[in-house]
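1. Below is the structure, and that's it, no one-letter string:
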């Protein structure tokens, strides 16, 4: 059986969305380090799992009809970091997911998770969070049709 990195990452992203700590424990590397750049938090696998276990809304039922994440996995996508460094979103050992979550106060937030794999497990993750904001100029863009 061959190792499928994308499948592993999709399982990880789904487990985070479902707060499935049993699956997460089996997918993270013993030397895992997670990072939340906005707050400066760094944590290992045990604290990562504890955060999910203690999330105020607790575990939730998996959503079967709508995928909870969009996985970016082609070679043509790049990102500019806060230091204006251009880096690929995807390499054979790196994946990015875009998802959202509802916080305990009812607010909706966008989440981007960039993950590095090592030895067939999740080794590093950087997670970015941003609240949903109203569009400053209305709900939609003008049509480009002539």
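-> Noted; the coordinates are in hand. No experiment lies behind these values; they were computed from the predicted model shown.
2. quick one: the strands in the chain?
-> With strands called from DSSP state E, the chain shows them at 28-36, 41-43, 69-72, 78-80, 86-88, 94-102, 108-118, 121-131.
3. Output those strands in CSV; the columns should cover mean pLDDT.
-> Formatted as CSV, the strands of the chain follow (pLDDT from 0 to 100):
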stretch, mean pLDDT
strand 28-36, 95
strand 41-43, 94
strand 69-72, 60
strand 78-80, 67
strand 86-88, 65
strand 94-102, 79
strand 108-118, 87
strand 121-131, 92
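4. Determine which of those approaches residue 5 most closely.
-> Residue 5 lies closest, by CB to CB, to one member of the strands of the chain: strand 108-118, at 5.6 Å. For the C-beta atoms, the positions are set from N, CA and C on the backbone; glycine is no exception.
5. ok, the closest residue to residue 112 other than its chain neighbours - contacts?
-> Once flanking residues are discounted, residue 112 sits nearest to residue 128: 4.6 Å by CB to CB, 6 or more residues apart in numbering. Contacts for residue 128 (CB atoms under 8 Å, 6 or more residues apart in numbering) come out as 36, 37, 38, 111, 112, 113.
6. Narrow these to those that are buried.
-> 111, 112, 113 (16 or more other CB atoms under 10 Å).
7. Distance to residue 137 added to these, as TSV?
-> Putting the buried ones among the contacts of residue 128 into TSV (distance: CB to CB, whole Å) gives the following:
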residue	distance to residue 137
111	25
112	24
113	30
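8. What is the nearest of the residues you listed to residue 24?
-> Nearest to residue 24 out of those is residue 113 (CB to CB; 12.4 Å).
9. Which residues are in contact with the nearest residue to residue 5 once chain neighbours are set aside?
-> In this structure, residue 5 finds its nearest non-sequential neighbour in residue 117, 5.6 Å apart by CB to CB, 6+ apart. Under the criterion of CB under 8 Å, 6+ apart, the neighbours of residue 117 are 5, 8, 9, 93, 94, 95, 123.
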